[in-house]
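>>> Based on what follows, work out the 3D shape:
(2 chains)
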Number of protein chains: 2
Amino acid sequence: MRKKVEDHNVFRQILLGTFIHSKSRTELEYMHNAAVAVNSHGTIAAVALGCDSLEDAKEKVLRETGWSDEEDDNDDEGEIHVYPNVGIFGKSTLLDWLAKYTFPLEASLSDLAKAKRVYTACVRRTLAHGTTTATYYATIDVPATNLLADLCLSLGQRAFVGRVCMDRADICPEFYRDASTQASLDATRKTIAHIDRIDPGYELISPILTPRFAPSCSDASMDGLTQLHKDRQIPVQTHISENKGELQLVKDLFPESSSYADVYDTHGLLTRKTVLAHGVHLSDAEASLIASRESKISHCPCSNSSLTSGEARVRWLWEKGIEVGLGTDMSGGYSPSILEAARQATLTSRHLAMQMQEGEDREKCKLSVEEALFLATRGGARCLGLADKIGGFEVGKQLDAQLITLGTVDENGLRAGEEESVHDAGNVDVFGWESWDEKVAKWLYNGDDRNTKKVWVKGRLVHSRR
Amino acid sequence: MRKKVEDHNVFRQILLGTFIHSKSRTELEYMHNAAVAVNSHGTIAAVALGCDSLEDAKEKVLRETGWSDEEDDNDDEGEIHVYPNVGIFGKSTLLDWLAKYTFPLEASLSDLAKAKRVYTACVRRTLAHGTTTATYYATIDVPATNLLADLCLSLGQRAFVGRVCMDRADICPEFYRDASTQASLDATRKTIAHIDRIDPGYELISPILTPRFAPSCSDASMDGLTQLHKDRQIPVQTHISENKGELQLVKDLFPESSSYADVYDTHGLLTRKTVLAHGVHLSDAEASLIASRESKISHCPCSNSSLTSGEARVRWLWEKGIEVGLGTDMSGGYSPSILEAARQATLTSRHLAMQMQEGEDREKCKLSVEEALFLATRGGARCLGLADKIGGFEVGKQLDAQLITLGTVDENGLRAGEEESVHDAGNVDVFGWESWDEKVAKWLYNGDDRNTKKVWVKGRLVHSRR
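Residues are numbered from 1 along each chain as shown, chains lettered A, B, ... in the order given. Reported below is the predicted structural model:
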């Protein structure tokens, strides 16, 4: 069944232009006059940078790979500017941002025609925004969850697809919960078996164990998921410490636990393959516990702000030694765009700073453009155990990347191409006097899906726009 | 010279569809099956609402106006959904969001070719985002300021255009300041005289007195502006209480004043025709003073968040009895979009709420969708003394409005029109099950300039997109 992935013809390709990726948490690397050669498995076979011209760069990777010139079918020469982008932590089912609609809407997706419509729109939409890897909270329904996995595979999005576990009858509504603990675990196994069939090596699609959050799960179901986690090394995602009402609920339901994090830990669900969404109100002890278990946090600033949940302290989490990625958390978050999430991460860090006295700590609290883009790319890859596979333009990495173009303003103040309506370059206006740092900042603050001209996942072109 | 305005042929027109405007601060009015008849002066001559069909609505306004059917050249029948939008408080010159570039960039606009390029892009861009009325801080340069006024007039944007006054040599950089107090006042008079010539009735373009902020102005120049304000009833705009460093500077420079607001008040600059940008850190006494003078505040959340200035308390300002509008404050704010400003106003109110204890006050602090849209429309109109002219679909008001369309998702999960690339409906996905409230909320949170299909100012179509 590996063939299913390979069916989508991926040819050898050579990309030319300026390539940008996160070099470290605080630094972007700009590779001008560069070439990236990608083989038919979607893996980067050679990178040439620091050349005198694009032509030189191309010749260099041709020499290194021994490929002939004909294999290059790229028509973007000289214009491209690519950014690898990973790590959306979305709840795909929630296309309406109103939390009160969550359960009814998820439940309604057991209608597979509706699920197909909503999920197709969601996967295509997030791909169009440059999200090359997504983690999904699907629904409790097995066929709907399996359908989402099928759609990600056929549309080409790298994805972790989780069937939502919620079997606790005193918390979950009757119309939308697992019938029993056993039924919950059986259903989860069915979605894993489905993904085993469609993508046996988890090359593109992986299952992910998804207890919705502690209050929705019986102790027995959490223990069962932990057993699955140990047996199969399947990653885990759940929520933690999103808002204060939830904290109180956890305290009431788990009086024997010393903290929210402790609930997961005592059930064996805090491991290095665990991604925890939010982590807004974590205590010092909880952060230390999470760090010691090497679990990760997905920061969802759009959601946390729009739902008035709070402001997660990314800098503090980093200082605790916790890896952080970025999530859109639709529909708690209003936007499908990981770029909007990165933008809001910088703004949320500034709102945190505003609550501090002027001085060093206040300045330190703020996330830079570079740090926000790190969160959206390599940070996410690290959270998902993909750091050796994706996140940068390095030989041996798979090509998960997007081609970004910015708008230009001509001498008359008109946007190039605007009069002929040949394309809509969006809201980033480049006048010509901007440095590369400034261009990237303009993209972060005013860019949108119109600037994302092409998106590749594992070398396959999965989205393009003229 | 009135002719210059009238040159742009505005024909009688009848708009049909669903019209939405702010009814009050907390309520939107949805007028379905409605017709709005606009005369050749751009004024609404008749409104029919609550009809059984668009055809009925059209017949009703034809009967009321006595116009013949041929006068309707509108081809959007049945699809339109219009929102009047006013009140951007921008600094047009600052197209780069980095504050450190402000003075050099403003100074460089004395190069009129460059000014034409930057201002044309700016006015066209804000029109494309549905900003029908803008207030501009231009530069200290008279020809550049006059050029901006000319461009607004020819491109059709209602605008208050201010030449920036900054004559204080100990504060303003040598390369960018008025040569003397007298030179400053003379230059300001020249820009007023220019607008007197191109739009004598201030039908579309009005001058606005623009002391940049108290620290940049000598006492004599503030007194001189106050005299102009009294003589000519020209409105005033300036900044107040944006960030804490600025507060300290004002305290140091004006030791005799009891507060920042008091500096303006003692110079006679706080009147009902004064618009103060920001007002983040106002004291209770300052807010009371501003309220008693009936001065207005323009709330600029994008700018205040990105520059870590603070969170202006809109609800508190309202409770003090102060009228509030909404501003983009480019380039302190990163976005040219008044819709983004409205969105950020809701988020900033939530960040304020997060600093409160759970309970009534916390809930009350949050701005609703309706309140954010009020700020962006009638709130702005009231701040600018235009409440009787624009801001709603009422007989006698001028037609300043935008046509909004939202994207629809077809049964296969594809966006309608997407495959044929006939249009790009942006990021608002309508599945068909949404209420009108939900559609408006989706537009506020995910809409952008792609949803703004047409923009009218004083009845003239000033922007359209397919």
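>>> going forward, measure contacts and count neighbours with C-alpha atoms only.
Fine.
>>> bridging residues for residue A:22?
residue A:28 (DSSP bridges).
>>> check contacts around residue A:443.
Counting by Cα atoms under 8 Å, 6 or more residues apart in numbering or on different chains, residue A:443 makes contact with A:406, A:428.
>>> Check the secondary structure at the closest residue to chain B within the stretch 351-466 of chain A for me.
Nearest residue of the stretch 351-466 of chain A to chain B (Cα to the nearest Cα) works out as residue A:413 at 3.9 Å. Under the three-state scheme (DSSP: H, G, I helix; E, B strand; the rest coil), residue A:413 adopts coil.
>>> what's near enough to touch it?
Residues in contact with residue A:413 (Cα under 8 Å, 6+ apart) are B:116, B:117, B:118, B:119, B:120, B:121.
>>> The fifth one reaches residue A:412, doesn't it?
Yes. Counting by Cα atoms under 8 Å, residue B:120 sits close enough to residue A:412 to count as a contact (7.4 Å).
>>> between those two, who's got more neighbours?
Between residue B:120 and residue A:412, counted using other Cα atoms under 10 Å in any protein chain shown, residue B:120 has the larger neighbour count: 21 against 16.
>>> Could you report the distance from the more buried one to chain A?
Distance, residue B:120 to chain A, by Cα to the nearest Cα, to the nearest Å: 5 Å.
>>> from what I can see, that residue looks like it's in a strand, true?
No. Counting by three-state DSSP, one finds residue B:120 to be helix, located in no strand.
>>> Identify the residue spatially nearest to it, adjacent ones excluded.
Leaving aside its chain neighbours, residue B:120 sits nearest to residue A:413 (5.0 Å; criterion: Cα to Cα, 6 or more residues apart in numbering or on different chains).
>>> hmm, back to that, reformat the contacts of residue A:413 as a markdown table; add pLDDT.
Formatted as a markdown table, the contacts of residue A:413 follow (pLDDT from 0 to 100):
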| residue | pLDDT |
| --- | --- |
| B:116 | 95 |
| B:117 | 93 |
| B:118 | 91 |
| B:119 | 94 |
| B:120 | 94 |
| B:121 | 92 |
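>>> hmm, the helix or strand hosting residue A:147 in reach of chain B?
Applying DSSP states H and E as the criterion places residue A:147 in helix A:142-155. No. Helix A:142-155 stays clear of chain B (Cα under 8 Å from any Cα of the partner chain), getting no nearer than 11.2 Å.
>>> Show me what the helix or strand that that helix is followed by is packed up against.
Next in sequence after helix A:142-155, counting helices and strands by DSSP H and E, comes strand A:158-162. When contacts are defined as 3 or more Cα pairs under 8 Å, 6 or more residues apart in numbering or on different chains; DSSP states H and E, strand A:158-162 packs onto strand A:133-137, helix A:142-155, strand A:205-207.
>>> Return the member of the ones you listed having the minimum mean pLDDT.
For those, mean pLDDT drops lowest on strand A:133-137, to a mean of 94.
>>> Partner strands of that one and their direction?
strand A:88-90 (parallel), strand A:158-162 (parallel).
>>> C-terminal to the shortest one, what's the next element?
Next along the chain after strand A:88-90, taking DSSP H and E as the criterion, comes helix A:102-108.
>>> near chain B, which residues of the stretch 1-150 of chain A show up?
So the stretch 1-150 of chain A meets chain B at A:97, A:116, A:117, A:118, A:119, A:120, A:121 (Cα under 8 Å from any Cα).
>>> thinking residue A:445 is in contact with residue B:335, fair?
Yes. Contact criterion Cα under 8 Å: residue A:445 and residue B:335 qualify, at 7.3 Å.
>>> Now residue A:264. Nearest residue, chain neighbours left out?
Nearest in space to residue A:264, with sequence neighbours left out and distances taken as Cα to Cα, 6+ apart, is residue A:270 at 5.9 Å.
>>> so is the one you found in a helix, a strand, or just coil?
Under three-state DSSP, residue A:270 comes out as coil.
>>> what's the neighbour count on it?
Burial of residue A:270 is recorded as 26 neighbouring residues (other Cα under 10 Å).
>>> what's the answer for residue A:255, then?
Neighbour count of residue A:255, defined by other Cα under 10 Å: 11.
>>> Repeat that for residue A:174.
12.
>>> so how many other residues sit close to residue A:320?
Here the number of neighbours of residue A:320 (other Cα under 10 Å) works out to 16.
>>> Chain B contacts on the stretch 301-450 of chain A?
A:305-310, A:334-335, A:346-347, A:350-351, A:353-354, A:409-415, A:442, A:445-446.
>>> Of those, which belong to helices?
Here DSSP state H is the test, and those give A:305, A:306, A:346, A:347, A:350, A:351, A:353, A:354, A:442, A:445, A:446 as lying in helices.
>>> Find me the pLDDT at the last one, would you?
At residue A:446 the predicted local distance difference test score is 92.
>>> so it sits right up against residue A:427, yeah?
Yes. Between residue A:446 and residue A:427 there is a contact at 5.8 Å, judged by Cα under 8 Å.
>>> So for these two, which sits in the more crowded spot?
Remark: of residue A:446 and residue A:427, residue A:427 carries more neighbours, 25 against 20, as counted by other Cα under 10 Å.
>>> who's in contact with that one?
For residue A:427, the contacting residues are A:407, A:446, A:447, A:448, by Cα under 8 Å, 6+ apart.
>>> For the second one, which residues are in contact?
Neighbour list for residue A:446: A:427, A:428, B:334, B:335 [criterion: Cα under 8 Å, 6+ apart].
>>> Which residues does the strand or helix carrying residue A:195 contact?
Residue A:195 is part of helix A:181-198 when elements are defined by DSSP H and E. Under the criterion Cα under 8 Å, 6+ apart, residues A:1-2, A:4, A:141-142, A:145-146, A:149-150, A:163, A:165-167, A:178, A:202, A:205-207, A:209, A:218, A:220-221, A:224-225 lie in contact with helix A:181-198.
>>> Next up, phi/psi of the residue of chain A positioned farthest from its centre, please.
Largest separation from the mean C-alpha position in chain A: residue A:412, at 39.5 Å (Cα atoms, centre = their mean). For residue A:412, the backbone dihedrals (degrees, to the nearest 10) come out as phi -90, psi 10.
>>> Now it: closest residue in space that isn't a chain neighbour?
Nearest residue to residue A:412 in three dimensions, chain neighbours excluded: residue B:117, at 5.1 Å (Cα to Cα, 6+ apart).
>>> What about residue A:323, how many residues nearby?
23.
>>> Isn't it up against residue A:297?
Yes. Using Cα under 8 Å, residue A:323 is in contact with residue A:297, at 6.5 Å.
>>> between those two, what contacts are shared?
residue A:383.
>>> so where's the stretch 1-150 of chain A uncertain?
Residues of the stretch 1-150 of chain A that meet the criterion pLDDT under 70 lie in A:1-10, A:70-101.
>>> Residue in it with the shortest distance to chain B?
Closest residue of the stretch 1-150 of chain A to chain B, Cα to the nearest Cα: residue A:117 (3.9 Å).
>>> which phi and psi does that residue have?
Backbone torsions of residue A:117, given as degrees, to the nearest 10, read phi -70, psi -50.
>>> what number of residues lie near it?
Using other Cα under 10 Å: residue A:117 sits among 18 other residues.
>>> Now do the contacts for it.
Listed by Cα under 8 Å, 6+ apart, the contact partners of residue A:117 are B:409, B:410, B:411, B:412, B:413, B:414.
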